[in-house]
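Q: Show me the folded form of this:
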Amino acid sequence: QVQLVESGGGLVQAGGSLRLSCAASGRTFSTLTMGWFRQAPGKERECVAAISWNPGRTYYTGSLKGRFTISRDNAKNTVYLQMNNLKSVDTAVYYCAATSMVLSNDPVNYDYWGQGTQVTVSS
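A: Prediction:
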């Protein structure tokens, strides 16, 4: 069992930045692939970025690469999502998730989910 707790969401103006954090417990963090997903009202949940347990492998949704950066600190059991130059379309609930797969952007492959953190970007 893995417990995930997100933090760092909030209200920010367009063009601003936020850093989301997700603290994991309950299983060896370094063996998990971690993903950040988001879901806006009326839309499907989409993968924002993922980072494998094998250092150096990352995935980004194409339109977000360059603005968002995923990273992990295995010593702190934490994964981060740095979001820069935020836009109103980035407004959503952001979820942290974990899987034992090597790397995946499909939410059905993730076994553990956090409760989500709201990110609201005002224009």
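
Q: Nearest spatial neighbour of A40, chain-adjacent residues omitted?
A: Closest residue in space to A40, ignoring its immediate chain neighbours: A92 at 4.2 Å, by CB to CB, 6 or more residues apart in numbering. From N, CA and C alone the C-beta is placed, and that goes for glycine too.

Q: neighbours of the one you found, just the number please.
A: A count of nearby residues for A92, using other CB atoms under 10 Å, gives 22.

Q: From Q1, how far out is it?
A: From A92 across to Q1, the span is 26 Å (CB to CB, to the nearest Å).

Q: same question, V89
A: Taking CB to CB, one finds V89 at 35 Å from Q1.

Q: if I pick the residue nearest to A40, what's in contact with it?
A: Residues in contact with A92 (CB atoms under 8 Å, 6 or more residues apart in numbering) are 38-40, 43, 119.

Q: Now with 10 Å, please.
A: Counting by CB atoms under 10 Å, 6 or more residues apart in numbering, A92 makes contact with 9, 37-41, 43, 45-46, 48, 116-121.

Q: likewise I51?
A: The neighbourhood of I51, defined by CB under 10 Å, 6+ apart, consists of 32-36, 57-60, 69-72, 79-81, 103.

Q: Which of V89 and Q1 has more residues huddled nearby?
A: Per other CB under 10 Å, whichever of V89 and Q1 has more neighbours is V89, with 11 against 7.

Q: helix or strand for A23, which one?
A: For A23, the host element (DSSP states H and E) is strand 18-25.

Q: next structured bit after that strand?
A: Following strand 18-25 toward the C-terminus (DSSP H and E): strand 33-39.
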